[in-house]
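Chemist: kindly generate the corresponding structure for this input.
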Amino acid sequence: MRRLLSRVLIPGLVMTGVGVTSEAAALTDAGSVTNLTSLPMNAQVEPLSIGTPVRPDIHGRSTPSTRPERRNHTPAELAEIARPGKTTVSAHHVRTQSGSSVDTLAEFSPIDDPVQPAECKNFYENAPSPPPDQWFKNRFNACHGSIIQVRQIDRRTGLAIAGIQFKSVFLVSMAKNARSAQLTLDMSEWYDVAGNFPGSQRVTFSVGCWDPNPAGPECNPDTVSFSDTVDDWRADSNRTVTVDFAGTSAPLPNDPVPTEKRSFYQLSPYYYLETGIPRRNDFVPYPDFHLRCDIARTAVNPQYVRGSDCVFHEASGIFQLSLSDTTTTESVQFLKDAFDNITSTKPGTPGTFVPGKYGTAHPLSRLYYDGPAREANRAKSIATCVAAYGQNYTVRPDGRTNDCDEFPFATTHQGSYTATGNRSYAVRPLLSAHNAKVGSLLSNFVAADHILEEDTYHVLIN
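Modeler: Residues are numbered from 1 along each chain as shown. Next comes the predicted model:
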């Protein structure tokens, strides 16, 4: 990793080109050593008793623990990092887009709903075991949380002398209409586990930031570090800094739209502690965060994508609709039937399914640039409506007009024209106004959620 030529010093904050720089020897008793450990927030943490054996390898080990560093990745690893939709955002935190008295088209704006420390802590306190590496509140906000325990150990025996612990959450929130993010570290619920732990012990939290391909760009700055004594951390346990995602990655061989200049970045967070043994420092890494930036908002148009110029692309979006919204009832019921009772739709072949249902391994992926492919989807769907319901399927007894509604949407790579094997599609004549409203909600969703060409999402019916 290239070194920065300068160091920027802010109270409690160190930025360097190579990670954390040790600033003082560990302030422990001459016969003791300190070490770190990270524990799940949902675990039952046993109180640390004086004289408890703790990590015996700390006594007399020949090699120090290592700082997470930028490394080479194979082409297959880089392709996997770039692959969108490996997980989903939290369904419980996607804002309702319908059934409200406010303008629902303007309501869905996940960029304006940043993750908060209490939300992240609540998620990890109640997460399944093992907890996920990240919690994606939405495609612009993610976090990781754990319990950090700092322990003072008798250097000769390896037995615990004193210890403290706290709940730690690391938050990443993308900036609106920008290529940057706010990084926040929050510590809470400090607890004296045992003994009289020295408040002068220095604890550091750092984040490396760079393209996972070492030939690609680094962030600005490429490393940030919050460093303070235990006493000062307890007095001020929340720190924030902004990182800019500069430069452009080299295009990957399977890049669907090179002109969007999709670039990938890795955030590598970790805790760091001087143990009291020369050249033996303790590093506790958090899981890496991967994100993607692009120029699509400005190079194409903000109706294509907006929100931020960077996104957690690994998280598949969720398009939520409600059966209780009277302005979309017929269309939403049709989608529910397509998912749960496909034989009540057309062609309705038994044993087939439509992709896109939330909770399944079959997402939809956006089709934006290929106009003829979208038209082919529409043409096949309309032909199916005509064959199944007759030429007059648009006529309603109440004098209003029907559309031929279809699913998967024509604006996806899974549209009716591409159906194959047991992956099918569904059509039904239904009220034009309801079909149009869902179409408007969908257009707003994919733009506000920054879903690029071939990015994935699911549909959730409430």
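Chemist: and the end-to-end length of stretch 117-133?
Modeler: One end of stretch 117-133 sits 16 Å from the other (C-alpha to C-alpha, to the nearest Å).
Chemist: what comes into contact with that stretch?
Modeler: Residues outside stretch 117-133 that contact it (C-beta atoms under 8 Å, 6 or more residues apart in numbering): 40-43, 87, 90, 93, 135, 137, 143-146, 167, 169, 171, 184, 186, 188, 238, 287-288. For glycine as for every other residue, the C-beta is placed from the backbone atoms N, C-alpha and C.
Chemist: again, only this time at 6 Å
Modeler: With C-beta atoms under 6 Å, 6 or more residues apart in numbering as the test, stretch 117-133 has contacts from 40-42, 135, 143, 145, 167, 169, 186, 287.
Chemist: how far does that stretch sit from its chain's centre?
Modeler: 14 Å (C-alpha atoms, centre = their mean, to the nearest Å).
Chemist: now for the nearest residue to D255 once chain neighbours are set aside, how many residues are close by?
Modeler: Using C-beta to C-beta, 6 or more residues apart in numbering and skipping the chain neighbours, the partner closest in space to D255 is R262 (6.3 Å). Other residues near R262 come to 23 when the count uses other C-beta atoms under 10 Å.
Chemist: what's the neighbour count on G371?
Modeler: Neighbourhood size, G371 [other C-beta under 10 Å]: 9.
Chemist: least confident pick among the contacts of stretch 117-133?
Modeler: Within the contacts of stretch 117-133, pLDDT reaches its minimum at N42, with 87.
Chemist: not counting residues beside it along the chain, what's closest to that residue?
Modeler: A127 (5.5 Å).
Chemist: which residue is most remote from the mean position of the protein?
Modeler: Distance from the centre of the chain peaks at P397, with 47.8 Å (C-alpha atoms, centre = their mean).
Chemist: low-confidence regions, the protein specifically.
Modeler: Scanning the chain for pLDDT under 70 picks out 1-30, 45-67, 91-108, 276-279.
Chemist: OK, contacts around the most centrally placed residue in the chain?
Modeler: Centroid-nearest residue in the chain: F136, 3.9 Å away (criterion: C-alpha atoms, centre = their mean). By C-beta under 6 Å, 6+ apart, the contact set of F136 is 89, 142, 312, 315.
Chemist: now the second one: how far from T360?
Modeler: Distance from A142 to T360, counting by C-beta to C-beta, to the nearest Å: 23 Å.
Chemist: and the first one, by the same measure?
Modeler: Taking C-beta to C-beta as the measure, V89 and T360 are separated by 15 Å.
Chemist: next one: the last one
Modeler: In this structure, A315 lies at 16 Å from T360, with C-beta to C-beta as the measure.
Chemist: and those two? Which one has more around it.
Modeler: A315 (28 against 12).
Chemist: please, which helix or strand holds the closest residue to that one other than its chain neighbours?
Modeler: Leaving aside its sequence neighbours, A315 sits nearest to F136 (C-beta to C-beta, 6+ apart; 4.1 Å). Taking DSSP states H and E as the criterion, F136 maps to strand 135-138.
Chemist: so after that strand, what's the next helix or strand?
Modeler: strand 141-154.
Chemist: buried residues in the helix or strand following that following strand, which are they?
Modeler: Elements were assigned by DSSP H and E; along the chain past strand 141-154, the next helix or strand is strand 160-174. For strand 160-174, the neighbour count (16 or more other C-beta atoms under 10 Å) marks 160-174 as buried.
Chemist: mind picking the two most distant members of the residues you listed?
Modeler: I161 and M174 (43.1 Å; C-beta to C-beta).
Chemist: H434: which element?
Modeler: helix 432-448.
Chemist: give me the residues contacting that helix.
Modeler: With contacts defined as C-beta under 6 Å, 6+ apart, helix 432-448 is touched by 97, 105, 108-109, 303, 305-307, 319, 327-328, 330-331, 366, 401, 403, 405.
Chemist: all helices for the stretch 1-150 of the chain, in order.
Modeler: In the stretch 1-150 of the chain, the helices defined using DSSP state H, counting those that start in this stretch lie at 75-82, 104-107, 117-125.
Chemist: among those, which is nearest F409?
Modeler: helix 104-107 (16.9 Å).
Chemist: next SSE after the longest helix that the chain contains?
Modeler: Counting by DSSP state H, the longest helix found in the chain is helix 371-389. Sequence-wise, the next helix or strand downstream of helix 371-389 (DSSP H and E) is strand 402-407.
Chemist: next step: the contacts of helix 432-448 restricted to strands.
Modeler: 319, 403, 405 (DSSP state E).
Chemist: can I get the residues you listed in JSON lines with neighbour count?
Modeler: Below are those laid out as JSON lines (neighbours: other C-beta atoms under 10 Å):
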{"residue": "F319", "neighbour count": "25"}
{"residue": "D403", "neighbour count": "21"}
{"residue": "D405", "neighbour count": "25"}
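Chemist: with distance to F445 as added columns, please give those residues in a markdown table.
Modeler: Compiled in a markdown table, the ones in strands among the contacts of helix 432-448 are given as follows (distance: C-beta to C-beta, whole Å):
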| residue | distance to F445 |
| --- | --- |
| F319 | 5 |
| D403 | 19 |
| D405 | 17 |
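Chemist: quick one: which of those residues is nearest V150?
Modeler: Nearest to V150 among those is F319, at 44.0 Å by C-beta to C-beta.
Chemist: pretty sure that closest one contacts I461?
Modeler: No. Using C-beta atoms under 6 Å as the test, F319 is too far from I461 to be in contact (9.8 Å).
Chemist: contacts only, for S416.
Modeler: Contact partners of S416, counting by C-beta under 6 Å, 6+ apart, are 377, 380-381, 406, 425.
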